[in-house]
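K.L.:
quick one, fold the following:
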Amino acid sequence: MKIIISPAKKLDTSIIVQNSKMNTSFLDESTKLIQVLKGKSISELRDLMGLSDNLAQLNWQRFQDWDIENRNTYKALELFNGAVYEGIDAKNFNKSNKDFAQNNLRILSGLYGILKPNDLILPYRLEMGTKLKTIKGNNLYRFWQDKLHQNIGDELNNEVLINLASNEYSKVLKLNKIKSEVITPVFKDYKNGKLKVISFFAKKARGEMVNFIIKNKITSFEELKLFKNNGYAFSDENNGNILFIR
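P.N.:
Prediction:
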């Protein structure tokens, strides 16, 4: 079983891995993207990425400082710090949990492609939906083309893929072309008498499902249905989507 999740905009830069180089599967591609991004002005980044002036300045500086020889890096799973990652709660993983996560959890990234939890990276902001022009096209989906689809397909080797990423990120994998079974959990809450996906709660639930899979070493679809956190419980399944409601 492999699990895919999105990265987070919010970062925790408190845990530095000193005297270590970046280590990812698509570092050559990341370097090409950085070369494009380094050529952008602060105002161009602000408009391209829809950032405030302060965030545009921060990320412009990050791109300028990005260096493949940088000796102070961060583990991917420790760097991201949004609602999904609060649900994952990786800081409380034991060695067995960490090993399972390293083997089975993958983080999709606009800059780094696909990350394993222990991959060493630098802080950045580049969402997959960004319309960044490169020699390959007008956006990051064109830039990555089939590389990420092929990578995850090779890793799966007929295993089940649990899609806990947002549509913005999972789109780059071309899930409809993956030969293995793809399962997408959906989390809905009753609000005003109707079932709705409430973004913050759904993100937290996706992270908690990752935690559930890792700590219980879940390997089957039927085991996944046993997930019950914060009132969510399995309700229905339909064409690869499995619904949890509360």
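K.L.:
mind naming the longest strand for the chain?
P.N.:
Taking DSSP state E as the criterion, the chain has its longest strand at strand 182-191.
K.L.:
which strands or helices does that strand pack on?
P.N.:
Applying 3 or more C-beta pairs under 8 Å, 6 or more residues apart in numbering; DSSP states H and E, one finds that strand 182-191 contacts strand 161-163, strand 194-196, helix 199-216, helix 221-224, strand 241-245. From N, CA and C alone the C-beta is placed, and that goes for glycine too.
K.L.:
of all those, which lies closest to residue 89?
P.N.:
Taking C-beta to C-beta, helix 199-216 is the member of the helices and strands packed on strand 182-191 nearest to residue 89, at 5.6 Å.
K.L.:
ok so, going back, quick one: average pLDDT of the longest strand of the chain?
P.N.:
Mean pLDDT, strand 182-191: 95.
K.L.:
can you give me the buried ones in that strand?
P.N.:
Of all the residues in strand 182-191, those buried under the rule 16 or more other C-beta atoms under 10 Å are 182, 183, 184, 185, 186, 187, 188, 189.
K.L.:
what is the nearest of the residues you listed to residue 97?
P.N.:
Using C-beta to C-beta, the buried residues of strand 182-191 come closest to residue 97 at residue 185, 19.7 Å.
K.L.:
the closest one touches residue 209, doesn't it?
P.N.:
Yes - taking C-beta atoms under 8 Å as the definition, residue 185 is a contact partner of residue 209 at 6.0 Å.
K.L.:
overlap of the contact sets of those two?
P.N.:
Counting by C-beta atoms under 8 Å, 6 or more residues apart in numbering, the common neighbours of residue 185 and residue 209 are 162, 164, 224, 227.
K.L.:
could you flag which of these are buried?
P.N.:
Using 16+ other C-beta under 10 Å, the buried ones in the shared contacts of residue 185 and residue 209 are 162, 164, 224, 227.
K.L.:
closest to residue 246 out of those?
P.N.:
Nearest to residue 246 out of those is residue 227 (C-beta to C-beta; 11.6 Å).
K.L.:
name the element the closest one belongs to?
P.N.:
Assigned by DSSP states H and E, residue 227 belongs to neither a helix nor a strand.
K.L.:
with residue 82 as the reference, measure out to it.
P.N.:
Residue 227 sits 20 Å away from residue 82, going by C-beta to C-beta, to the nearest Å.
K.L.:
and of the buried residues of strand 182-191, the nearest to residue 126?
P.N.:
Closest to residue 126, out of all of the buried residues of strand 182-191 and judged by C-beta to C-beta, is residue 184, at 24.1 Å.
K.L.:
wait, the closest one sits on residue 160?
P.N.:
No - using C-beta under 8 Å, residue 184 makes no contact with residue 160, being 11.3 Å away.
K.L.:
can you pull out the strands in the chain?
P.N.:
Using DSSP E, strands in the chain cover 2-5, 17-18, 72-75, 105-109, 113-115, 120-121, 161-163, 182-191, 194-196, 233-238, 241-245.
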